[in-house]
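> make a model of this:
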Amino acid sequence: MSKKKTTNPNKNQDDNTLAMNILAIFRQNPYMLFNYKQISSRLGISRGPEREKMQVAIDKLVSQELLLVRNRGKYVLNPEAIEIEENASEIEGTIDITANGKGFLLMPDKDDIAIAQGDLNQALTGDTVLVRLFPRRRNRRPEGTVISVVKRKRQQYVGTIQVGPKMSFFVPDDRKIHVDFLVPRENLNKAKNGEKVIVAMTDWPQQSRNPFATVTTVLGQPGVNEVEIQSILANYEFPLCFPKHVEKEADRIPIEISAEEIKKRKDFRDTFTFTCDPADAKDFDDALSLKKLKSGNWEVGVHIADVSHYVRPGSEIDKEAFDRATSIYMVDRVIPMLPEKLSNNVCSLRPNEDKLCHSVVFEMSEDAKVLKYWIGHTIINSDIRYNYEEVQEIIETGKGKFSEEILLLHKLADIMRQERNKKGSINFKSTEVKFKLDEAGKPLEVYLKEQKESNMLIEDFMLLANKTVAAHIGKVTEKNKTPKTFVYRIHDEPSPEKLSNFSEFLSKLGYSINITSKNNISASLNNLFSKVAGKAEETMIETIAVRTMAKAIYSTNNIGHYGLAFDFYTHFTSPIRRYPDLMVHRLLDWYADSKPSVNQGDYEDMCDHCSDMEKKAADAERESVKFKQMEFMADQVGKTFDGVISGVSKWGIFVEISYSHAEGLVRLEDMKDDFYYLDEDNYMVIGHRTKTTYRLGDKVTVLIKKIDIGRKQMDLSIV
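As a prediction, the model looks like this:
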């Protein structure tokens with residue numbers, strides 16, 4: 001007789017209680033996103049078994065459609081499943097404030113909550129705040145008032161000081177900081193009138209309309225290159241140098257490679273290997289090798305600097321690298337993620353030097369089919385350091401050093417690219433504004449740098465390595481039945497609403513796209529880009545198409561990469577300048593040793609941080625470009641230029657000047673010939689009386705009225 005199975009009568013009750021406690025967190029914060037770690041923190045759960053139970057409870061709430069899953073492994077309350085007493089709700093979230101002082105509490109999947117300037121209660125843009133909702137008015141967006149500031153977004157602010165006899169004013173560079181700061185005379189720290197400074201908020205008395213601050217750093221006069229670049233970096237709270245203890249730790253890292261270390265690795269020093277990077281690059285992350293096999297196939301190696309060999313988890317260098325998360329490429333300098341000894345010396349794959357690598361080595365057929373691959377640690381010695389222009393010349397002329405090898409790799413890359421396009425990869429044109437600078441950093445020339453075949457050659461092999469590494473860990477196979485926690489580079493599908501609006505807009509221009517399925521969309525977009533190439537509307541259509549797409553981010557929750565049409569994708573190929581790549585290298589080693597899956601919540605938090613820092617770095621880089629463009633155009637005030645309308649808003653028309661690719665604003669209030677209003681759906685402004693239209697992509701001639709280099713703004717008028 002079999003033994004009767006017994007059950008614990010309290011188990012279901014415990015599980016239900018845990019689920020209800022989780023649900024209570026979301027009901028108290030009905031519009032906030034929480035990830036696994038944030039939920040466990042609020043519940044006071046830290047032990048592994050309890051966290052596992054919590055994940056089961058979360059999954060149950062998702063299956064019951066009480067919670068919804070969002071990108072980056074976050075959850076939000078399903079508004080359709082649970083009725084929320086909005087009139088009495090207090091909601092925590094991030095506030096966004098416009099330059100004129102209007103606030104909006106940002107809500108995922110709901111209308112943002114409007115907050116009048118009088119209800120901001122000392123909140124500044126980007127702060128985490130607690131908001132109480134007002135009773136909902138018919139046909140109005142939800143409204144509320146800030147009860148308290150939970151957390152300030154930033155600790156320091158960058159701007160200009162206006163010195164007064166007793167009290168001075170600090171005017172922030174960021175126009176979305178809608179108030180000036182008061183600086184008492186004793187807190188000026190020797191700052192002079194009109195200088196750029198960094199301040200820290202010291203107090204904001206309840207009865208005061210303005211916060212008080214103290215000057216912590218005097219940067220110097222506006223418009224000076226060093227002052228403006230440091231202002232941008234400080235505004236995004238990027239460090240200007242490495243802490244001394246980090247530099248000292250880097251100095252202790254040996255340059256020599258021991259014979260014992262070489263024995264552990266596959267030796268590629270006798271195989272033809274090269275790097276290809278921008279002409280001014282110093283941090284060479286990646287190299288390619290090529291060898292003909294006896295079978296007639298090709299061995300292609302993608303060799304990546306083995307940063308994880310030198311930067312150990314928990315070291316001072318590692319902590320600093322994680323905080324930075326990425327290198328920042330300003331117009332005139334690089335703010336590296338790693339100290340220079342590592343980024344430009346020890347790890348950089350410089351020619352004719354033995355270097356340690358983490359490699360993906362492929363056996364490929366003549367028609368670019370991957371027959372097998374190997375992932376592991378290697379040692380290389382690069383034969384030659386190319387720049388992109390040199391490789392492009394070999395591709396175009398068929399001549400040059402190692403031309404046979406370069407042309408073979410070009411052929412393989414071209415085949416892979418065509419296959420990727422057939423499977424739905426989207427071909428957005430990649431152009432970059434570049435400058436020729438003098439020794440003082442002053443721009444002498446502005447030009448557009450387009451991606452050429454040499455760029456694509458390297459890119460295609462990096463894409464191959466990245467997707468191979470991601471599938472190696474993430475793909476379910478007989479050996480790998482349970483996917484392990486990993487860092488993916490994911491790109492979600494565009495929202496149906498945005499696609500529908502884009503399709504409708506295109507139809508008015510005589511174009512169409514098929515939005516019925518994922519593959520149809522990508523094929524239609526590529527076909528569209530071919531049709532508009534060289535036409536007046538090309539820039540406009542590509543700009544709107546990019547805005548229709550989601551943003552790529554890092555996450556442990558793999559949803560694939562829509563834009564590349566890959567089911568598995570990661571970033572493995574740039575660990576000198578991207579922390580997620582370093583995480584990927586370490587995880588490869590961890591799982592190669594048959595160790596258990598790492599904690600997903602911890603890695604999701606790291607992914608969130610890296611995605612946020614990537615965006616901040618991109619914003620800072622764009623600002624440095626804008627500064628150089630304004631500096632380049634500074635002596636052109638009063639002159640006219642041809643341009644293209646690059647954006648429209650209720651405030652005005654943005655025009656990109658063809659001469660410098662700098663963007664300026666034509667304010668609608670300054671257009672006196674008519675009263676103009678915004679037609680947002682059709683990307684145009686329309687004259688009420690004359691019906692004159694200005695549409696995104698239209699060519700116009702403009703007069704430069706004013707340039708503010710410090711604020712990186714240019715005022716224009718249409719001629």
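> mind checking which helix or strand of this structure has the lowest mean pLDDT?
helix 9-28 (a mean of 69; mean pLDDT, DSSP states H and E).
> tell me the helix or strand right after that helix.
Per DSSP states H and E, the first helix or strand lying C-terminal to helix 9-28 is strand 34-35.
> what is that next one packed up against?
Contacts defined by 3 or more C-beta pairs under 8 Å, 6 or more residues apart in numbering; DSSP states H and E place strand 34-35 against strand 74-77, helix 600-633. All C-beta atoms are positioned from the backbone trio N, CA, C, and that covers glycine.
> what distance separates it from the middle of the whole chain?
Using C-alpha atoms, centre = their mean, to the nearest Å, the mean C-alpha position of strand 34-35 is found 20 Å from that of the whole chain.
> pretty sure Phe461 is in a strand, no?
No. Counting by DSSP: H, G, I helix; E, B strand; the rest coil, Phe461 is not found in a strand; it is helix.
> list the residues that contact it.
288, 300, 302, 409, 413 (C-beta atoms under 8 Å, 6 or more residues apart in numbering).
> of these, which belong to strands?
Taking DSSP state E, the ones among the contacts of Phe461 that sit in strands are 288, 300, 302.
> quick one, what contacts Cys276?
288, 386-388, 391, 454, 457-458.
> save the helices and strands packed on strand 34-35 as a markdown table, and put in mean pLDDT too.
Shown next, in a markdown table, are the helices and strands packed on strand 34-35 (pLDDT from 0 to 100):
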| stretch | mean pLDDT |
| --- | --- |
| strand 74-77 | 86 |
| helix 600-633 | 96 |
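> picking that back up, dump the contacts of Phe461 into a markdown table; add neighbour count and distance to Asp203 as well.
Shown next, in a markdown table, are the contacts of Phe461 (neighbours: other C-beta atoms under 10 Å; distance: C-beta to C-beta, whole Å):
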| residue | neighbour count | distance to Asp203 |
| --- | --- | --- |
| Leu288 | 23 | 58 |
| Val300 | 24 | 62 |
| Val302 | 27 | 55 |
| Leu409 | 24 | 62 |
| Ala413 | 23 | 60 |
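> any chance of the residues you listed in a markdown table, plus pLDDT and distance to Gly510?
Listed next are those as a markdown table, based on pLDDT from 0 to 100; distance: C-beta to C-beta, whole Å:
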| residue | pLDDT | distance to Gly510 |
| --- | --- | --- |
| Leu288 | 99 | 44 |
| Val300 | 99 | 44 |
| Val302 | 99 | 43 |
| Leu409 | 98 | 41 |
| Ala413 | 98 | 35 |
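> ok, back up a step: nearest to Ile198, of the helices and strands packed on strand 34-35?
Set against Ile198 and scored by C-beta to C-beta, these come closest in helix 600-633, at 15.1 Å.
> identify each buried residue in that closest one, please.
By 16 or more other C-beta atoms under 10 Å, the buried positions in helix 600-633 come out as 600-601, 603-611, 613-614, 616-617, 620-621, 623-633.
> gap between that helix and the chain center?
Worked out by C-alpha atoms, centre = their mean, helix 600-633 lies 6 Å from the chain centre.
> next secondary structure after that helix?
Downstream of helix 600-633 (by DSSP H and E), the next one is strand 640-648.
> strands paired with that following strand, and their directions?
Strand 640-648 sits in its sheet next to strand 652-657 (antiparallel), strand 699-708 (antiparallel), going by DSSP bridges.
> quick check: angle from the first one to helix 600-633?
It stands for strand 652-657. Relative orientation of strand 652-657 versus helix 600-633 (axes from the mean of the first three to the mean of the last three C-alpha atoms, to 10 degrees): 70 degrees.
> go through the contacts of Cys276 and flag which are in strands.
Within those, residues falling in strands by DSSP E are 288, 386-387.
> out of those, which is nearest to Val331?
Ranked by distance to Val331 (C-beta to C-beta), the ones in strands among the contacts of Cys276 are led by Asn387 at 18.5 Å.
> contacts only, for the closest one.
Contact partners of Asn387, counting by C-beta under 8 Å, 6+ apart, are 276-279, 281.
> ok, which pair from these is furthest apart?
Maximum pairwise distance in those, criterion C-beta to C-beta, is 10.6 Å, between Cys276 and Ala279.
> tell me, what's touching the two both at once?
Listed as contacting both Cys276 and Ala279 by C-beta under 8 Å, 6+ apart are 387-388.
> quick revisit: what's the closest of the helices and strands packed on strand 34-35 to Glu247?
Closest approach to Glu247 among these (C-beta to C-beta): helix 600-633, 21.0 Å.
> at which residues are the strands of the stretch 351-500 of the chain located?
Assignment of strands within the stretch 351-500 of the chain using DSSP state E, counting those that start in this stretch yields the ranges 354-364, 370-381, 384-387, 431-437, 443-450, 488-490.
> of those, flag the one that's most buried.
Most buried of the strands of the stretch 351-500 of the chain by mean neighbour count (mean count of other C-beta atoms under 10 Å) is strand 488-490; its value is a mean of 26.
> and that strand, which strands flank it?
Strands that pair with strand 488-490, judged by DSSP bridges, come out as strand 553-555 (antiparallel).
> list the buried residues of the strand it pairs with.
By neighbour count on 16+ other C-beta under 10 Å, the buried set for strand 553-555 is 553-555.
> next one: stretch 393-412
Going by neighbour count (16+ other C-beta under 10 Å), the buried part of stretch 393-412 is 393-395, 400, 402-403, 405-407, 409-410, 412.
> so how far is that stretch off the chain centroid?
Its chain's C-alpha centre and that of stretch 393-412 lie 33 Å apart, by C-alpha atoms, centre = their mean.
> quick one: end-to-end distance for it.
Stretch 393-412 has an end-to-end distance of 18 Å (criterion: C-alpha to C-alpha, to the nearest Å).
> hmm, who's touching that stretch?
Outside stretch 393-412, the residues that touch it by C-beta under 8 Å, 6+ apart are 272, 274, 288, 290, 298, 300, 364, 368, 383-384, 390-391, 453-454, 457, 461.
> likewise for stretch 655-667?
433, 446, 448, 626, 629-630, 632-633, 641-647, 651-654, 700, 702, 704, 713-718.
> which among those end up buried?
Neighbour counting with 16+ other C-beta under 10 Å marks 433, 446, 626, 629-630, 632-633, 641, 643-647, 652-654, 700, 702, 704, 714-716, 718 as buried within those.
> lovely, talk soon.
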